[in-house]
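> Mind folding the following:
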Amino acid sequence: MTTRLNKFIAQAQGISRREADTLIENNKVRVNNAPARLGQHVSASDDVRIGESRLKIADSRYILLNKPAGYVCSRKQQGDSPTIYSLLPPDCNSLKPVGRLDKDSSGLLLLTNDGDFAHRLTHPQFHKQKSYEVSLDHALAVGDEKAMKSGIELKDGKSQLALEKMQESGRKHWHISMHEGRNRQIRRTFGSRGYEVVRLHRIAFGDFSLAKYPLEAGTWQELSPQTHLL
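Here you go, the predicted model:
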């Protein structure tokens, strides 16, 4: 039985098939000591290498973590800030976050070694919605709410948010939905209008939500392999 080479590389390296194709195009991959070709198929007995390292396919894993604020999405501790991997067993150290949360943010975080799964969740062409609970340092003006719904220009492009009040009274607490996910986009969008986000908690990412997987902060759940089909 054979499998397409880019799929083999993606599963072995935890990257997308597109990234695997780039490695092949850049002559980074050898099969049985010969340069790899786009579209090539390989079997379990073939020697597939990137540099001197022979690739082996690991079982796909999917972890859902309810990240507490104060933890960084990094394998190395940054200053006094602990890493999310300190909340997980050692055999999860090779898994990569799917769409990071910054240190001060909390909530739903997926980790996997399945590059195609991560690609389908994060690439703009798949339009996966992310939802957050956001609390501000002071009430959001009606005019600023309208501006954010229409789109605010940031240095890296327009940021457009869907906003809905979390409470009937008061305008400091909001449900936010978006399809993008640029670095600190929500914080920068509110900051451009003079607001500080004092709490940012992700409650849903695509088909995954903390309502469906209710976890206490700092706890995690392993999802079934079939999850990648969602």
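> what sits opposite the closest residue to residue 130 other than its chain neighbours in the beta ladder?
Leaving aside its chain neighbours, residue 130 sits nearest to residue 205 (5.2 Å; criterion: CB to CB, 6 or more residues apart in numbering). For the C-beta atoms, the positions are set from N, CA and C on the backbone; glycine is no exception. Beta bridges link residue 205 to residue 130, residue 208, judged by DSSP bridges.
> ok, residue 205 to residue 132 distance?
Distance, residue 205 to residue 132, using CB to CB, to the nearest Å: 10 Å.
> same check, this time on residue 92
24 Å.
> Residue 57 too?
35 Å.
> neighbour count winner among these two?
Using other CB atoms under 10 Å, the more surrounded residue of residue 57 and residue 132 is residue 132, with 24 against 16.
> right, and the helix or strand after the helix or strand where the more buried one lies?
Assessed by DSSP states H and E, residue 132 sits inside strand 130-136. Later in the chain than strand 130-136, the nearest helix or strand by DSSP H and E is helix 142-150.
> residues of that following helix that come out buried?
Neighbour counts using 16 or more other CB atoms under 10 Å place 144-145, 148 of helix 142-150 among the buried residues.
> so what secondary structure elements neighbour it?
Packed against helix 142-150 by the contact rule (3 or more CB pairs under 8 Å, 6 or more residues apart in numbering; DSSP states H and E) you find strand 162-165.
> So what touches the strand it packs on?
Contact partners of strand 162-165, identified using CB atoms under 8 Å, 6 or more residues apart in numbering, comprise 140, 145, 148-149, 171, 173-178.
> average pLDDT for it?
Mean per-residue pLDDT for strand 162-165: 95.
> per-residue confidence for the residue lying closest to residue 77 once chain neighbours are set aside?
Nearest non-adjacent residue to residue 77, counting by CB to CB, 6+ apart: residue 83, 5.3 Å away. pLDDT for residue 83: 95.
> likewise residue 35?
94.
> got it, and residue 12?
Reported pLDDT at residue 12 in the predicted model: 83.
> Excluding covalently adjacent residues, which one is nearest to it?
Counting by CB to CB, 6+ apart, residue 12 lies nearest to residue 55, which is 3.9 Å off, once chain neighbours are set aside.
> Who are the contact partners of that neighbour?
Taking CB under 8 Å, 6+ apart, we find residue 55 in contact with 8-9, 12-13, 48-49.
> The chain - how does it break down into domains?
2-54, 62-123+211-229, 129-205 (automatic domain parsing).
> hmm, which of the contacts of strand 162-165 are the buried ones?
Buried subset of the contacts of strand 162-165 (neighbour count, 16+ other CB under 10 Å): 140, 145, 148, 171, 174, 176, 178.
> So which of the residues you listed is the closest to residue 107?
Residue 107 has its nearest neighbour among the buried ones among the contacts of strand 162-165 in residue 176, at 11.7 Å by CB to CB.
> Kindly confirm my reading that that closest one is in a strand.
Yes: under DSSP: H, G, I helix; E, B strand; the rest coil, residue 176 sits within a strand.
> residues contacting the nearest residue to it once chain neighbours are set aside?
Nearest residue to residue 176, sequence neighbours excluded (CB to CB, 6+ apart): residue 132, at 4.5 Å. Neighbour list for residue 132: 107, 175-178, 186, 200-203 [criterion: CB under 8 Å, 6+ apart].
> go again using 7 Å as the cut-off
Applying CB atoms under 7 Å, 6 or more residues apart in numbering to residue 132 gives the contacts 176, 186, 200-203.
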